[in-house]
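Colleague: Here is a sequence together with a model predicted from it:
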Amino acid sequence: MSDWTEGYVTDTEYTFGYYGELNPLRAALPLIKIGFSPGKIATACELGYGQGVSINMHAAASDVCWYGTDFNPAHAAFARHLAERAGSDARLFDDSFAEFCARSDLPEFDFIGLHGIWSWVSEENHRIIVDFVRRRLKIGGILYISYNTQPGFLLTLPLRHLLTEYAETMGAAGHGTVARIDAALEFADKLMELKPAFATANPGLAERLKYIKGQNRSYLAHEYFNRDWHALPFAEMAKRLEPAKLTFAGSAHYLDHIEGLNLMPEQRRFLAGIPDPLFRESVRDFIINCQFRREYWIRGPRRLRPAEQADAVRAQRIMLISRREDVLLTVAGALGRRQLSATIYDPILDALGDGKARSIGDIERSVAGAGMRLRTIVEAVLILAGKADIVFVQDEAAQARAKPRTDRLNLALFERARGGAEVTFLASPLIGGGVNAGRFQHLAMLAMRHGSKTAAELARFIWDILSRQGQRVTKDNKPLETPEENLAELETQARDFLDKRLAILRRLKIV
């Protein structure tokens, strides 16, 4: 590898993921619930943006001015292509962290985000990042950071070391990263057949190896096979961030805020008896065996008075994007799957059932007859948002300004879907960010742009694209053989798209 890689995997493309926690709009309710003002986000920065899907969707779908860097020039080229197609004016660089953080032409930021990248870069880059946050995050600004952590990743540490050492020392010379990963996994399988004492003493190791083997190889290359790899306990992360003068705010994962999903009553009582909030987080991670943390930190937080907090909560606007009849009253947390109370959720869902945006204050008034307190409504909203049944909505003026940009960005993604299914997300001006949408939906919307209206017309348009590339539709994990079978399955999917999904995409202002 050349020196510019700094030990980071570059011969395998990173995945084209979208990470909603990087959307500043999502931070408001959890921070307000904790008692902090989220402030106004006008400038934002993503460090290590990968293929640039998240930063481009956030730049196109909101008024926020985004900056970012990813030192891989291939990533930067694709990210800039998307920005140019959207006309978002996102400032995207291919600088190393040292180069980017030393730039003199950067503003101060209201929001800085790093998703996962902390776990894969060197100690020197950690220091550079913390110094950058100290200098460039505004007072009152938010840092979003996610990272592998202990104790949940503790069992993986020796397995990861074994796999990477095999890839470095035993991998065939001249073979790429993916080939060396496959060889390392095959070696690990053979080792496990010998029933090593470490595996016997740690029965979860075999299941962990099985999970790793089932992952996309490009993902594994970047997740496990970089030179630098860390799984820091929360307390250690807090120490690393001290020079940036940050205050821990709370989790960016909505369901973490619902203790009943993650902790038994006696565990909650035990944690409540720990006065230090940082040590309490460490103990909580131990109780739930936390493997990956997603956090908000604030530089100089402004605490809300109770009346301010209640007003700020009531002002948050939400919309139901799942079909009312498709919302399942179950949710999974650290304690497993739990049933939700119809007495609480049915009135809230009924109030949102027309697909229009409502403030939480509107919901509170609508369900007044059910005797629900505001706190109960907020928890229900966080759970429904955590399940992706509802979304947080930006104001109409911002939506109108974003719509031309998201239309252009989405058209670029529709066209890209002709060749494959790498990007499975679309930008929504309603939410200031991205939503899941598979290749079929991309191609169906492209077909509609070309005049297709009926399910049969959509199916024919899509089949023409697939057949020219020698591709076929898969059903029940088997490729369909004849054109007639492919067209019939595509038409079935098209009817489902027109009957169910299209209305949701219209709510999201993607169509």
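Modeller: It's in.

Colleague: alpha carbons only for contacts and neighbour counts from here, please
Modeller: Will do.

Colleague: I figured residue 183 hits residue 167, correct?
Modeller: Yes: Residue 183 lies in contact with residue 167 (CA atoms under 8 Å); the separation is 7.4 Å.

Colleague: More neighbours: which of these two?
Modeller: Remark: of residue 183 and residue 167, residue 167 carries more neighbours, 23 against 18, as counted by other CA atoms under 10 Å.

Colleague: as a whole number, average confidence for stretch 222-234?
Modeller: When pLDDT is averaged over stretch 222-234, the result is 86.

Colleague: how about it: buried residues?
Modeller: 222, 223, 224, 225, 226, 229, 230, 231, 232, 233, 234 (16 or more other CA atoms under 10 Å).

Colleague: what would those look like in CSV with secondary structure and distance to residue 410?
Modeller: Listed next are the buried residues of stretch 222-234 as CSV, based on DSSP: H, G, I helix; E, B strand; the rest coil; distance: CA to CA, whole Å:
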residue, secondary structure, distance to residue 410
222, helix, 27
223, helix, 28
224, helix, 32
225, coil, 33
226, coil, 32
229, coil, 35
230, coil, 35
231, coil, 36
232, coil, 37
233, coil, 39
234, helix, 38
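
Colleague: Need those residues in JSON lines (columns: distance to residue 111).
Modeller: Shown next, in JSON lines, are these (distance: CA to CA, whole Å):
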{"residue": "222", "distance to residue 111": "25"}
{"residue": "223", "distance to residue 111": "25"}
{"residue": "224", "distance to residue 111": "28"}
{"residue": "225", "distance to residue 111": "29"}
{"residue": "226", "distance to residue 111": "27"}
{"residue": "229", "distance to residue 111": "25"}
{"residue": "230", "distance to residue 111": "24"}
{"residue": "231", "distance to residue 111": "24"}
{"residue": "232", "distance to residue 111": "23"}
{"residue": "233", "distance to residue 111": "24"}
{"residue": "234", "distance to residue 111": "21"}
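
Colleague: buried sites along stretch 183-194?
Modeller: The neighbour-count check on stretch 183-194 (16+ other CA under 10 Å) flags 183, 184, 185, 187, 188, 192 as buried.

Colleague: Buried residues of the longest strand anywhere in the chain, list them for me.
Modeller: For the chain, the strand that runs over the most residues, judged by DSSP state E, is strand 137-148. Residues of strand 137-148 classed as buried by neighbour count (16+ other CA under 10 Å): 137, 138, 139, 140, 141, 142, 143, 144, 145, 146, 147, 148.

Colleague: What is the nearest of the residues you listed to residue 111?
Modeller: For the buried residues of strand 137-148, the residue nearest residue 111 by CA to CA is residue 142; the value is 4.8 Å.

Colleague: picking up where we left off before, from the buried residues of strand 137-148, which two are the most distant?
Modeller: Using CA to CA, the buried residues of strand 137-148 span at most 27.2 Å, a distance reached by 139 and 148.

Colleague: what's the offset of the longest helix seen in the chain from the middle of its chain?
Modeller: For the chain, the longest helix by residue count, based on DSSP state H, is helix 396-416. Offset of helix 396-416 from its chain centre (CA atoms, centre = their mean, to the nearest Å): 20 Å.

Colleague: Which element is encountered next along the chain beyond that helix?
Modeller: Scanning forward in sequence from helix 396-416 by DSSP states H and E, the next helix or strand is strand 425-428.

Colleague: Now do the contacts for the closest residue to residue 410 other than its chain neighbours.
Modeller: With CA to CA, 6 or more residues apart in numbering as the criterion, residue 410 has its nearest non-adjacent residue at 5.9 Å, and that residue is residue 426. The contact partners of residue 426, taken as CA atoms under 8 Å, 6 or more residues apart in numbering, are 57, 410, 413, 434, 435, 436, 437, 510.

Colleague: switch the cut-off to 10 Å
Modeller: Going by CA atoms under 10 Å, 6 or more residues apart in numbering, residue 426 touches 18, 53, 57, 406-407, 409-411, 413-414, 433-438, 441-442, 505, 508, 510.

Colleague: One more: residue 334?
Modeller: Counting by CA under 10 Å, 6+ apart, residue 334 touches 255, 256, 259, 260, 261, 262, 263, 264, 287, 288, 289, 290.

Colleague: Restricting to C-alpha, output the helix or strand containing the fourth one in CSV.
Modeller: This means residue 260. For residue 260, the host element (DSSP H and E) is helix 259-262. Extracted C-alpha coordinates of helix 259-262, given in CSV (Å, rounded to 0.1, in the frame of the first residue of the first chain):
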residue,chain,number,x,y,z
GLU,A,259,-35.3,2.1,29.5
GLY,A,260,-38.2,-0.4,29.7
LEU,A,261,-37.0,-1.9,26.3
ASN,A,262,-33.4,-2.4,27.5
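
Colleague: quick one: average pLDDT of the next helix or strand after it?
Modeller: Sequence-wise, the next helix or strand downstream of helix 259-262 (DSSP H and E) is helix 265-272. Across helix 265-272, pLDDT averages out at 97.

Colleague: same for helix 265-272, what does it pack against?
Modeller: Other elements packing on helix 265-272 under the criterion 3 or more CA pairs under 10 Å, 6 or more residues apart in numbering; DSSP states H and E are helix 259-262, helix 277-288.

Colleague: Just send the ones you listed back as a markdown table, with mean pLDDT and mean neighbour count too.
Modeller: Converted to a markdown table, those look like this (pLDDT from 0 to 100; neighbours: other CA atoms under 10 Å):
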| stretch | mean pLDDT | mean neighbour count |
| --- | --- | --- |
| helix 259-262 | 96 | 17 |
| helix 277-288 | 97 | 16 |
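
Colleague: For the residue nearest to residue 410, name its beta-bridge partners.
Modeller: residue 435 (DSSP bridges).

Colleague: Can you report phi and psi for residue 297?
Modeller: phi -120, psi 150 (degrees, to the nearest 10).

Colleague: who touches the residue lying closest to it once chain neighbours are set aside in this structure?
Modeller: Leaving aside its sequence neighbours, residue 297 sits nearest to residue 248 (CA to CA, 6+ apart; 4.5 Å). Applying CA under 10 Å, 6+ apart, we find residue 248 in contact with 142, 143, 238, 241, 277, 278, 295, 296, 297, 298, 299, 301.
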